[in-house]
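J.: output the structure for:
(one chain, ligands or ions: 1)
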Amino acid sequence: MITAPRKHILVSIAAIALAVIVACLVATTFGAASERVLSVFFISLIAVVGMGVYSGNSGILSFGHLSFMAIGAYASALLTLPAQLKVATLPKLPDWLATTELGLLPATLVAVLLTSVVALLIGMAIGKLEGSAAVISTLGLLIIVHGIAIGWRDVTRGSQTFFGIPRETSLWVAAAGVVVALIVARLYRDSVSGLRLRAGRENAIAASAVGIRIRRERLVSFVISAALMALSGALIAHFLGAISPKKFYFTDTFLLLAMLIVGGMTTVTGAITGAVAITIVTEILRRFEGGFSLAGLEMPAVFGTTQIGIGLIILFAMFRKPNGLAGLKEWEERVFPDRREPHSQSDMRTITQAVPLKATGMTMQFGGLIAVNDVNLTLKPGEITGLIGPNGSGKTTLMNMLSGVLVPTKGQFFQGKDELSGLTSHQIADHGIARTFQNIRLFDNLSVFQNVLVAALSTRGGENAEGRANAALARMGVERHANADAGTLSYGDQRRVEIARALACEPSLLFLDEPAAGMNREETDSLTETLRRLTRDLGLGILLVDHDLKLINQLCDRIAVLNEGRLIAEGTPKDIQNNPDVIEAYLGPSRQDERNQPEEKQ
Ligand SMILES: Nc1ncnc2c1ncn2[C@@H]1O[C@H](COP(=O)(O)OP(=O)(O)OP(=O)(O)O)[C@@H](O)[C@H]1O
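T.: Numbers count the residues shown, from 1 in each chain. The predicted structure follows:
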């Protein structure tokens, strides 16, 4: 399923095909040299969009993707190399490989398939890593594959040139390859998997809380991007006719990453922009590298002029355009902004079979600090439970444990007979528990509609996702912002969108961590009314953490009070208001004495 408007996709594909055909026709009129430049440009562009499919959508920069290009290049070359030449130059090849002599297309398909399998295995290992560890591991991959290419002499000819590869990559073959790669990358970006991955890139914790399995989506993108790299590798091998391991090492990694970073990692438009910009600059600087004369002045040869130039462009881009020259949007998204009309024909499903969530002995220890200490709590559908307590009393920590963000040190919680303790955040979301965060965690660079849609797509089997997304937006009164980027909204609207995103998961229990923080009284009153309607109309249970005691008292059926990690009181708002332990926790013992004295005198 493609999540973008059909118009964007059709316009994009038509433009890609047209631009490539026009570029080919222009190059052919200028002769063989320009055809060569354009062919290399197309093949490089396949690699850049290949890297972008993973790095752009996941936000994890990969230094290792040229390994997949190398695997594609060597694998396809081994399959197309004339048998006689194989016998002469690679005498130790196994018979079946020595006698195989395929055409470019089948050899490329086999190479792409083989690379995808290798990427699947590597991706499963790398996918366990986060942040800089994930980035560094890709560097390790590059070094390992380079080492194998040099060491496996019987198959690769080691560091010597692997020559004699049939030069079958014509300009039109490269053009066909780049059209396929650009379309695959464009479709992936707006596929369900691509949207989930971009949500995870924006905020991994929130993505997991709406049911997204980030590791799985990363793996999907890793394999697709490796397949595109293999395609690029096969085409370059059959364009040059000779390859060696150094072709797939640091120099080209730097060049391709520069294209991706300068253009903008997150879009296909960015990959194209970066590839065009860096190719033009490289072609110009290369002419000056050997020295030149200007107005009678002889400039000496400066080795590395091209690399220095590319480095300067990267610096310029980082200072002036940190998201790349093309920014965060595809060109067609800017030219034809989404004018999705908000509609809410469908409403949210009423909770009919919800069961209470029972937590016992919940404990969380951070080093020497016991943030939550042996807390028992039951949350019922259709009921609003307030969770209050002074700053640092453990409210958010308890909510984090019940939503799978933190693994409790001790304690268990069940939904009916199902034990949820020990489940991950996305598994808990699938059990109908959704949440918002104290510090708003929206997917800032996705539209409001995409924020909500991706949650609906990732829970309840993705059933009727668009309808659920629209209904959730309408329930929270933010449907008019559907097309705006979430990060551009006012604070109050962002909080409402975050609740809408949680509602799109169709939860039976909703956890709200300080939903009224930063809202004025009017906005808070309106939120109070909205939340009341949610429980009344849909039978939803709510766990509400807030410091606004007026909101808590007005809204909650029951209130639980934490102090220094312990549950010190539980009851109706009236019980809690008069509870001496609660008064002491909030006001301190001396203030409570003051408060008690007049009463004692009476
Ligand atoms: N990840 C963590 N690592 C270490 N200590 C933590 C962590 N998270 C919370 N704490 C500590 O646990 C205690 C409880 O924090 P928590 O955020 O749950 O309190 P809270 O009641 O939600 O506070 P507030 O009302 O200010 O949001 C605090 O002392 C806090 O510093």
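J.: what sits against the nearest residue to V210 once chain neighbours are set aside?
T.: Nearest in space to V210, with sequence neighbours left out and distances taken as CB to CB, 6 or more residues apart in numbering, is A455 at 3.7 Å. C-beta coordinates here come from the backbone N, C-alpha and C atoms, glycine included. By CB atoms under 8 Å, 6 or more residues apart in numbering, the contact list for A455 reads V210, G211, A434, A469, R501, A502, A504, C505.
J.: report the rounded mean pLDDT for the one helix or strand the fifth one maps to.
T.: Pointing back at R501 there. Here R501 sits within helix 491-503, counting by DSSP states H and E. The pLDDT scores in helix 491-503 average 95.
J.: what's that helix in contact with?
T.: 209-210, 348, 434-437, 440-442, 448, 451-452, 455, 472-473, 475-478, 481, 486-487, 489, 510-512, 515-520, 523, 527, 530, 534.
J.: pLDDT on the helix or strand containing the residue nearest to V210, on average?
T.: If you go by DSSP H and E, A455 is part of helix 448-457. Helix 448-457 shows a mean pLDDT of 97.
J.: how far off helix 491-503 does the helix or strand following that helix point, in degrees?
T.: Remark: after helix 448-457, the chain's next helix or strand is helix 465-475, criterion DSSP H and E. If you take axes from the mean of the first three to the mean of the last three CA atoms, to 10 degrees, helix 465-475 sits at 140 degrees to helix 491-503.
J.: now helix 465-475: how far from the chain's centre is it?
T.: Here the centre of helix 465-475 is set off from its chain's centre by 22 Å, with CA atoms, centre = their mean, to the nearest Å.
J.: and if you look at stretch 408-424?
T.: On CA atoms, centre = their mean, the centre of stretch 408-424 falls 28 Å from that of its chain.
J.: what of stretch 94-112?
T.: Relative to the centre of its chain, stretch 94-112 is centred 36 Å away, using CA atoms, centre = their mean.
J.: what's the end-to-end length of that stretch?
T.: 21 Å (CA to CA, to the nearest Å).
J.: give me the contact list for it.
T.: For stretch 94-112, using CB under 8 Å, 6+ apart, the contacting residues are 71-73, 75-76, 78-83, 86-87, 90, 166, 168-169, 173, 227, 230-231, 233-235, 238.
J.: near the ligand, from those residues?
T.: Filtering the contacts of stretch 94-112 for proximity to the ligand by CB under 6 Å from any ligand atom leaves nothing.
J.: return the member of the contacts of A455 nearest to I261.
T.: V210 (29.2 Å; CB to CB).
J.: confidence score at that closest one?
T.: pLDDT, read off for V210, is 97.
J.: what distance do you get for it to S159?
T.: Counting by CB to CB, to the nearest Å, the gap from V210 to S159 is 49 Å.
J.: what about G518, helix or strand, and which?
T.: G518 belongs to no helix or strand when elements are defined using DSSP H and E.
J.: contacting residues for it?
T.: Per CB under 8 Å, 6+ apart, neighbours of G518: Y491, G492, R495.
J.: low-confidence ranges, the chain, go.
T.: 342-347, 351-353, 587-602 (pLDDT under 70).
J.: ok, now with 80
T.: 289-303, 338-354, 586-602 (pLDDT under 80).
J.: the strands in the stretch 351-500 of the chain, which residues?
T.: For the stretch 351-500 of the chain, the strands defined by DSSP state E, counting those that start in this stretch occupy 357-366, 369-379, 384-388, 410-415, 418-419, 433-435.
J.: so which of those gets nearest C24?
T.: strand 433-435 (50.5 Å).
J.: by proximity to the ligand, which residue of the stretch 51-200 of the chain wins?
T.: Per CB to the nearest ligand atom, E130 is where the stretch 51-200 of the chain lies closest to the ligand, at 15.6 Å.
J.: how many neighbours does that residue have?
T.: 12 (other CB atoms under 10 Å).
J.: phi, psi for the residue of the stretch 201-350 of the chain found nearest the ligand please.
T.: The minimum distance from the stretch 201-350 of the chain to the ligand, using CB to the nearest ligand atom, falls at I205 (11.8 Å). With angles defined as degrees, to the nearest 10, I205 sits at phi -70, psi -40.
J.: looks to me like A17 is in a strand.
T.: No. A17 is assigned helix when assessed by DSSP: H, G, I helix; E, B strand; the rest coil, not a strand.
J.: dump the residue contacts of the spatially closest residue to it that is not a sequence neighbour.
T.: Nearest residue to A17, sequence neighbours excluded (CB to CB, 6+ apart): V179, at 5.8 Å. Contact analysis of V179 by CB under 8 Å, 6+ apart lists I16, A17, V20.
J.: so how far is A15 from V179?
T.: In terms of CB to CB, V179 sits 11 Å off from A15.
J.: thinking again about what came up before, going C-terminal from the helix holding R501, what's the next secondary structure element?
T.: Downstream of helix 491-503, the first helix or strand assigned by DSSP H and E is strand 509-513.
J.: now S293: which helix or strand?
T.: Here S293 is assigned to strand 292-294, by DSSP H and E.
J.: list the contacts of that strand.
T.: Strand 292-294 is contacted from outside by M299, using CB under 8 Å, 6+ apart.
J.: quick one, strands of the stretch 501-602 of the chain?
T.: 509-513, 541-545, 558-563, 566-571.
J.: can the ones you listed go into TSV with extra columns for mean neighbour count and distance to L109?
T.: What follows is the strands of the stretch 501-602 of the chain, written out as TSV (neighbours: other CB atoms under 10 Å; distance: least, CB to CB, whole Å):
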stretch	mean neighbour count	distance to L109
strand 509-513	26	49
strand 541-545	25	53
strand 558-563	23	61
strand 566-571	18	62
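J.: now these in TSV, with distance to the ligand?
T.: Formatted as TSV, these follow (distance: least, CB to the nearest ligand atom, whole Å):
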stretch	distance to the ligand
strand 509-513	8
strand 541-545	7
strand 558-563	6
strand 566-571	12
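J.: save those as TSV, and put in distance to V372 too.
T.: Shown next, in TSV, are those (distance: least, CB to CB, whole Å):
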stretch	distance to V372
strand 509-513	14
strand 541-545	13
strand 558-563	8
strand 566-571	8
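J.: please identify which of those strands is closest to I122.
T.: strand 509-513 (36.9 Å).
J.: helix, strand, or coil at I314?
T.: Put simply, I314 is helix when judged by three-state DSSP.
J.: and it, what is it in contact with?
T.: A258, I261, V262.
J.: among these, who's most crowded?
T.: Using other CB under 10 Å as the neighbour test, the contacts of I314 are led by V262, with 26 neighbours.
J.: who's in contact with that residue?
T.: Neighbouring residues of V262 by CB under 8 Å, 6+ apart: T273, G274, A277, I278, I313, I314, A317, G324, L325.
J.: let's verify the nearest residue to the third one once chain neighbours are set aside: helix, strand, or coil?
T.: On the basis of CB to CB, 6+ apart, the spatially nearest residue to A277 that is not a chain neighbour turns out to be V262, at 5.7 Å. Classification of V262 using three-state DSSP returns helix.
J.: how close does V262 sit to A27?
T.: 23 Å.
J.: ok, A472 next?
T.: 50 Å.
J.: PyMOL command to pick out the buried ones of the contacts of G518?
T.: Selecting only the buried entries of those in PyMOL, with 16 or more other CB atoms under 10 Å as the criterion:
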select buried, resi 492+495
